[in-house]
Every structure is written in C-alpha cells, then in structure tokens.
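J.: Pasting the sequence and the predicted coordinates here, then a few questions.
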Amino acid sequence: QQQVKQSPQSLIVQKGGISIINCAYENTAFDYFPWYQQFPGKGPALLIAIRPDVSEKKEGRFTISFNKSAKQFSLHIMDSQPGDSATYFCAAGYTGTASKLTFGTGTRLQVTL
Amino acid sequence: NAGVTQTPKFRILKIGQSMTLQCTQDMNHNYMYWYRQDPGMGLKLIYYSVGAGITDKGEVPNGYNVSRSTTEDFPLRLELAAPSQTSVYFCASSRTPGTVSYEQYFGPGTRLTVT
C-alpha cells in the first residue's frame, strides 16, 4: 500500500520558470514532511522539510506548501536553474520514533536553457 | 568527516550467492537505515537500527539480515541472492530524533545486480 503519492513522474521546465511537484499522503499520524534531492550516481540529500504546524516554509528559491486538511504538500522551485536538474523525492515520517520515512516515487526534473 | 561511506560501489552476484554490503558513518549517529531504490519506486526501508545491538525490520526485510555491533557500522547481509534483489542500496544515518533535526544523511549507494 503506497502511503505517499507523488506527481508528476517527470517534469521539464525552462530556465527561470517555476517547478512544482506535488505529494499526497494518507496517514494523518505523519508529522514530518521532508523533500530530498538526488543527483545521478549520488545518494539523496535533504533539501527542505516542514512540520504540519505551519502552512509554508521557504528556503531561498525552494518553498514547501502544506495543506493539512487535504493531506497534500508541494515543492515549488522558483527561478529554476539547470543545476536544479535532479530527481526529487517527497517523504513523510514520524518524529517521535525512529524517524522512519515513507518516500514518494520521485520526480525527475529537467531544467532546459 | 567522511559522512556515510558504503562499499562496494558495484557488485554482480550470481543467483544463490551471498554477500555483505558495508556501511560506516563517522558522525556518531545513533540511528542508521538501509534502503533499496528501484526505478520508479522511490526508496523502500529494509532495516533500521536505533543504536548498537538494536535493529528492527522496515517495509521490505525479506531476504536480508543486519547487525549493529558498533555505533559506526551497520552491515547488510544478503543470503541466497535472487534477481528480485537487483537494486541500488543506500545506507543512511541520523541523529536521535528530537535532538537537533531529523535529517537523514545518505551514503553514495551500492549498485547490485543479481544474474
């Protein structure tokens, strides 16, 4: 049973455009929602994360929007750059235990010139 | 700090063979994890550990075993390798939840092919 659904599977955005990736979760007990960025041949790395007590978190060009009632959250990349081309994974987890994460299936982002 | 290191980077196994994937972290993290990544499937948790001597199953533990004798090392053992275990394996570590952050630090991965 997939608990975190991510879309789209792939995304092509022009340089300077806005990239938007969406995730939906089922388990209302989740209380930690990170996004990980993965470059080819590398392990994932934490990009930005949010707790459900806020609706938005911004770090530079990256913003998470969180809708608790809809059980959805999204990643917005403003002014997308070719260096942002990577695979992005959303995840959901519990902060109170072993921080076990359930990952989405990933979005391959390509930013073109 | 080297962070999380994994060996080997690549390995080809024949069906029925066994091997151990090595994982070491030098950040003094109590929590360690093993994931497998298959195309289009995201990362699935195989096993995790909350400290030396303590391990527990994740979402897809069948066909694997782990041990945690030290804080630094968390090896993953494959017994009787099967083609379904062809995947990229990632080890990760994190601080105790609630101390500073919940970030998991990933190693570079081991690409395993079973033929």
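T.: Okay, I see it.

J.: for chain B, what are the nearby residues on chain A?
T.: Residues of chain A lying close to chain B (CB under 8 Å from any CB of the partner chain) are A:4, A:6, A:9, A:32, A:34, A:41-46, A:49, A:89, A:93, A:95-106. For every residue, glycine as well, the C-beta is placed using N, CA and C.

J.: Which among those residues count as buried?
T.: A:4, A:6, A:32, A:34, A:43-44, A:46, A:49, A:89, A:93, A:98-106 (16 or more other CB atoms under 10 Å in any protein chain shown).

J.: What's the local residue count around B:Gln85?
T.: 19 (other CB atoms under 10 Å in any protein chain shown).

J.: Out of the residues of chain A next to chain B, name the ones that lie in helices.
T.: Assigned to helices by DSSP state H, none of these qualify.

J.: Contact partners for the nearest residue to A:Leu113 once chain neighbours are set aside?
T.: Closest residue to A:Leu113 apart from its sequence neighbours, by CB to CB, 6 or more residues apart in numbering or on different chains: A:Lys15 at 5.5 Å. By CB atoms under 8 Å, 6 or more residues apart in numbering or on different chains, the residues touching A:Lys15 are A:Ser80, A:Gln81, A:Pro82, A:Val111, A:Thr112, A:Leu113.

J.: Filter those down to the buried ones.
T.: By 16+ other CB under 10 Å, the contacts of A:Lys15 give A:Ser80, A:Val111 as buried.

J.: Kindly reformat the contacts of A:Lys15 as CSV containing distance to B:Asn28 and pLDDT.
T.: Conversion of the contacts of A:Lys15 to CSV gives the following (distance: CB to CB, whole Å; pLDDT from 0 to 100):
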residue, distance to B:Asn28, pLDDT
A:Ser80, 37, 98
A:Gln81, 35, 98
A:Pro82, 37, 97
A:Val111, 37, 98
A:Thr112, 42, 97
A:Leu113, 43, 93
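
J.: Tell me how many other residues crowd B:Ser18.
T.: Neighbours of B:Ser18 (other CB under 10 Å): 11.
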